[in-house]
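Asker: Below: sequence and its predicted model.
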Amino acid sequence: MTSDVDGDTAELSRPARRQAEIAAYVVKHGSVSANDLVEAFGVSVMTVHRDLDELERQGVVRKYRGGVSAQPTSVFESNVAYRLNTAHAEKLAIARHARTMIEPGMSVMLDDSTSALALVDLFEDITPLTVATNFLPAITKLAQLRDITLLALGGIYSATHDSFGGMPCAEAVEALHTDLLFCSVSAVSPTHAFHQEEEIVLVKRAMLRSAKTKVLMVDHGKLQRTALHRLAPLADFDIVIVDEKTPKDLIDALRDHGATVEVAEL
């Protein structure tokens, strides 16, 4: 079968190549059973479980009884590969809207969200900029751009998020003060922004303290949801950008609770 995994898997060993294909299959479908994988790849149940154990160790998928998932829950965030393939058009529209807030010469902080990552491709014509981020895919892209002063925020590396975190990262963030912060979360209620993982919340809170203007970027699929850890009241963000697929009653609810909401056109 064909794989959506980036890179040339032909050079991998047979088990590694199969694991890459299984990872792509799970990311594409969100959640599948072990039996689905047995049929799709023509291997034994034991082999499937060995492969899933390795993929879970790498932070690519999350096993549950009878199956595996790349989708988020209130306790676990989805792997970055899954997030990169969800709500792509909405994230791009939100990024285009956010880009209008940036002027040459500004300092900008980006969190490890794929929503903020969408902004990076729009930086080229608004340089010079100083950009700080802990997200490895953003660091890789920014390193290729001219007239960008890149501040790579290090810390404890997470394969699941492909980013750096923990106390070392939070301390690096708190040594800065940027003009703008663009960030996202996995869940938003009418009153608060939430995230599943304490380590991620630690760094995002440091970012909120370290920026003059704080912008939350959330597509409509993240609304009316909660997660384990409450990050901040929506009123703590200067602007909340949503996409135009967001129902009017949800936008009204956000505004009723003190959020300044702007709607990005698709």
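Answerer: Arrived safely, thanks for sending.
Asker: Which residue ranges of the stretch 1-150 of the chain form helices?
Answerer: 14-29, 34-41, 45-57, 80-84, 88-99, 114-120, 136-142 (DSSP state H, counting those that start in this stretch).
Asker: out of these, nearest to Phe237?
Answerer: helix 88-99 (12.2 Å; Cβ to Cβ). Quick note: C-beta positions are derived from backbone N, CA and C, even for glycine.
Asker: pLDDT averaged over that closest one - what is it?
Answerer: Averaging pLDDT along helix 88-99 gives 96.
Asker: Buried residues, that helix. List them.
Answerer: Buried positions in helix 88-99, judged by neighbour count with 16 or more other Cβ atoms under 10 Å: 90-95, 97-99.
Asker: which among those residues gets closest to Arg62?
Answerer: Lys91 (22.4 Å).
Asker: how far away is the closest one from Leu119?
Answerer: In this view, Lys91 and Leu119 are 9 Å apart by Cβ to Cβ, to the nearest Å.
Asker: Same check on Val263?
Answerer: Val263 sits 17 Å away from Leu119, going by Cβ to Cβ.
Asker: Between the two, which has more neighbouring residues?
Answerer: Shown here are Val263 and Leu119; by other Cβ atoms under 10 Å, Leu119 has more neighbours (24 against 16).
Asker: how about the nearest residue to that one, chain neighbours excluded?
Answerer: Spatial nearest neighbour of Leu119, chain neighbours left out: Ala95 (4.6 Å); criterion: Cβ to Cβ, 6 or more residues apart in numbering.
Asker: from what I can see the one you found touches Thr114, true?
Answerer: No. Counting by Cβ atoms under 8 Å, Thr114 is not a contact partner of Ala95; they are 10.0 Å apart.
Asker: which residues touch stretch 34-42?
Answerer: Outside stretch 34-42, the residues within contact range by Cβ atoms under 8 Å, 6 or more residues apart in numbering are 1, 18, 21-22, 25, 29, 43-45, 48-49, 51-52, 66-68.
Asker: Make a PyMOL selection of whichever of those residues turn out to be buried.
Answerer: Remark: buried members of these, expressed as a PyMOL selection using 16+ other Cβ under 10 Å:
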select buried, resi 18+21+22+25+43+48+51+52+67+68
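Asker: Mind telling me the two of the contacts of stretch 34-42 farthest from one another?
Answerer: The widest separation within the contacts of stretch 34-42 (Cβ to Cβ) is 22.0 Å, between Met1 and Gly66.
Asker: Contacts only, for the spatially closest residue to Ile239 that is not a sequence neighbour.
Answerer: Excluding its sequence neighbours, the residue lying closest to Ile239 (Cβ to Cβ, 6+ apart) is Val215, at 4.8 Å. By Cβ under 8 Å, 6+ apart, the contact list for Val215 reads 98, 101, 180-183, 237-241.
Asker: want to throw the residues you listed into TSV with secondary structure?
Answerer: Listed next are the contacts of Val215 as TSV, based on DSSP: H, G, I helix; E, B strand; the rest coil:
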residue	secondary structure
Ala98	helix
Met101	coil
Leu180	strand
Leu181	strand
Phe182	strand
Cys183	strand
Phe237	coil
Asp238	coil
Ile239	strand
Val240	strand
Ile241	strand
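Asker: so where is the chain shaky, pLDDT-wise?
Answerer: For the chain, the stretches with pLDDT under 70 are 1-12, 59, 71-83.
Asker: looking at it, which residue ends up farthest from its center?
Answerer: Distance to the chain centre peaks in the chain at Ser44, reaching 33.6 Å (criterion: Cα atoms, centre = their mean).
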